[in-house]
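Enquirer: Predicted model and sequence below, questions to follow.
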Amino acid sequence: MAALNDAVKRFIVQALACYDTPQQVSEAVKEEFGLEVPRQQVALYDPTKHAGRNLSNRWRALFEATRENFKAQAGEIPIAQRAYRLRKMAQIASKAEQMRNLPLVLQILEQAAKEVGDVYVNRRLDQPKTPALEASVPAAEYTLSPDEDVPDNPIL
């Protein structure tokens with residue numbers, strides 16, 4: 001295992017707190033600092049995992065603070081907002097329609113309906129969930145005894 005200075009440790013802890021995987025962090029450390037750090041060593045800096053159970057209080061506090069800050073800022077990311085996602089879906093559906101890709105348009109419309117909520121469901125919310133046509137004759141009248149013949153269907 002490579003000996004890491006505080007700057008690299010800080011980078012690893014903050015990246016892990018932002019939900020990056022150890023593999024992603026290992027690659028980022030190599031790109032940023034030019035150091036080969038195996039993902040197993042990176043995992044030692046994640047206090048939420050078994051490997052990081054012995055992480056010092058200094059790095060644990062940094063991890064917790066970074067994670068809380070990251071969660072608070074997640075709402076500011078455009079794709080986390082429903083309006084942004086719906087607007088992008090509308091743009092993609094428009095382009096797909098211009099290209100005459102109707103199956104893709106239908107998929108996007110379905111996804112947008114699911115995004116909005118109960119709009120995709122084919123029922124009215126104010127109606128009861130019982131079938132529209134209720135049998136007016138009890139089910140007992142529909143059963144035939146074994147010696148009865150099936151009556152002719154007057155509709156046919």
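Expert: That came in fine, so what should we check first? Residues are numbered from 1 along each chain as shown.

Enquirer: For this protein, just list every one of the helices.
Expert: 6-17, 22-33, 39-43, 57-73, 82-98, 102-116 (DSSP state H).

Enquirer: Could you say which of the ones you listed is packed most deeply?
Expert: helix 6-17 (a mean of 19; mean count of other C-beta atoms under 10 Å). Using the backbone N, CA and C atoms, a C-beta is placed for each residue, glycine as well.

Enquirer: Residues in contact with it: which ones?
Expert: Helix 6-17 is touched from outside by 4, 22, 24-25, 28-29, 32-33, 35, 37, 42, 45-46, 59, 62-64, 66-67, 70, with contacts defined as C-beta atoms under 8 Å, 6 or more residues apart in numbering.

Enquirer: Nearest approach to Ala51 belongs to which of the helices of the chain?
Expert: Between Ala51 and the helices of the chain, the tightest spacing by C-beta to C-beta is seen for helix 39-43, at 4.3 Å.

Enquirer: I'd like the average pLDDT over the closest one.
Expert: Per-residue pLDDT over helix 39-43 has a mean of 94.
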